[in-house]
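1. Test case, fold it:
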Amino acid sequence: MNLATHIPDPDQFSAMMAGFAAFSAVVAVSWPYIFRDTLAERMRKVEDERERIRQRERTRLIAEKRNVSLRAEPKRLFQTIVDRFNLAKQAEGGEIVRKLSMAGYRGHAPVTTFLAIRLIAPFVIFAACLLYLLLIVRPEAPLMAVIAVAAGVGSLGYFAPAIYIRNRITKRQQAIRRSWPEALDLLLITVEAGMGIESAFRKVGEEIGTQSPEIAEEILLTTAELSYLQDRRQAYENLGQRTGMEGVRAVVTSLIQAEKYGTPLGQALRVMAQENRDIRMSEAEKIAAALPPKLTVPMILFFLPVLFAVIMTPAAIQIAGMQ
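-> The predicted model follows:
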């Protein structure tokens, strides 16, 4: 066998390698145009959608803020009632103002409205209950007994505004508690990036508004107080009083210490963010652990009778057919 026939010609080999190199160069250059990078495009779309959602939420928050003002005047009827019966003395202790601020109602108008409604509500409920009993129920009991029942129901109207405010405080604290660790993470990032505490608070208030308007409102209000209050410590303490939460008060204490002694704030914020996240997880575990006992009674009342009916009905039909 002639081995020379199996040895390629050097010129042919060079031409083949040159052609392969030219083909590889063409493929390398045209690859981004033929097979486009869809990941970058998807990330850009996600970022655009996130920015649109952020702009929409900011527009909504701005529209809501336009309808709320600390200088809003109370209704003339409520102001007249408060002035006529001298109810303003009940708010001098500050407890009513503090609870209303914890519920998200600030300014003079909510205090006047609360005091007036607490005075009017018993009479309104008494009249409504009396009309309902006399015109619809028409009991056979004596008139004085009906009036006494209506008066007893009407007396609950005095406590109805306080119960409503208490429920509002509970819901507001739950909303703050859910998003407070994320707010601390944002505050930690802004502080470690070198921003001042006022700029950090303003940035966190703008970014957290889409997730928790309650936290955004409190932080932006604290930012405003840091700007005009002479004692910055008072602004931090006001934040803790308005929320009434231990997690917020712990952060307030760290901010006051950092303001007074110059201690580093980043590590404290990182630890408190983790602690608040653990507290949130433990509360979720408590709710999940309390679910089986709560489901026991509904299952006994609604599930077991249906199950017995499904099991026993065919047997009862067969027994009735055999007879």
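2. For the stretch 201-323 of the chain, which segments are assigned as strands?
-> Ranges of strands within the stretch 201-323 of the chain: none, based on DSSP state E, counting those that start in this stretch.
3. burial count for A193?
-> A count of nearby residues for A193, using other Cβ atoms under 10 Å, gives 10. Quick note: C-beta positions are derived from backbone N, CA and C, even for glycine.
4. pLDDT score for it?
-> At A193, the predicted lDDT confidence score is 87.
5. which residues sit in contact with it?
-> Residues near A193 by Cβ atoms under 8 Å, 6 or more residues apart in numbering: none.
6. what about it, distance to V252?
-> 22 Å (Cβ to Cβ, to the nearest Å).
7. Ok, D231 next?
-> As defined by Cβ to Cβ, D231 lies at a distance of 14 Å from V252.
8. Have a look at those two and say which one is more surrounded.
-> Neighbour comparison, D231 and V252: the larger count goes to V252, with 20 against 9 (by other Cβ under 10 Å).
9. Find the residue closest to the more buried one in space, skipping its chain neighbours.
-> If the residues on either side of it in the chain are set aside, V252 comes closest to G240, at 4.2 Å by Cβ to Cβ, 6 or more residues apart in numbering.
10. What's the local residue count around that neighbour?
-> G240 is flanked by 20 other residues according to other Cβ under 10 Å.
11. That one is in contact with V248, isn't it?
-> Yes. Taking Cβ atoms under 8 Å as the contact criterion, G240 and V248 are neighbours in contact, 5.5 Å apart.
12. where does the residue nearest to A258 when sequence neighbours are not counted land on pLDDT?
-> Among residues not flanking A258 along the chain, L265 sits closest, at 4.5 Å (Cβ to Cβ, 6+ apart). L265 is assigned a pLDDT of 82 by the prediction.
13. Offset the numbering so it begins at 679, please.
-> Okay, residue one is now 679; in that scheme the one you just asked about reads as L943.
14. Tell me how far L943 lies from G883.
-> Using Cβ to Cβ, one obtains 17 Å as the distance from L943 to G883.
15. list the buried ones in the longest helix seen in the chain?
-> If each helix of the chain is counted by residues according to DSSP state H, the longest one is helix 838-870. By neighbour count on 16 or more other Cβ atoms under 10 Å, the buried set for helix 838-870 is 839, 843, 846-847, 850-851, 853-869.
16. Out of the helices and strands in the chain, which is least certain?
-> helix 716-744 (a mean of 69; mean pLDDT, DSSP states H and E).
17. Can you name the element that comes right after it?
-> Scanning forward in sequence from helix 716-744, with DSSP states H and E defining helices and strands, the next element found is helix 754-762.
18. Provide the contact partners of stretch 901-910 at residue level.
-> Taking contacts as Cβ under 8 Å, 6+ apart, the residues outside stretch 901-910 that touch it are 875-876, 879-880, 883, 912-913, 916, 937.
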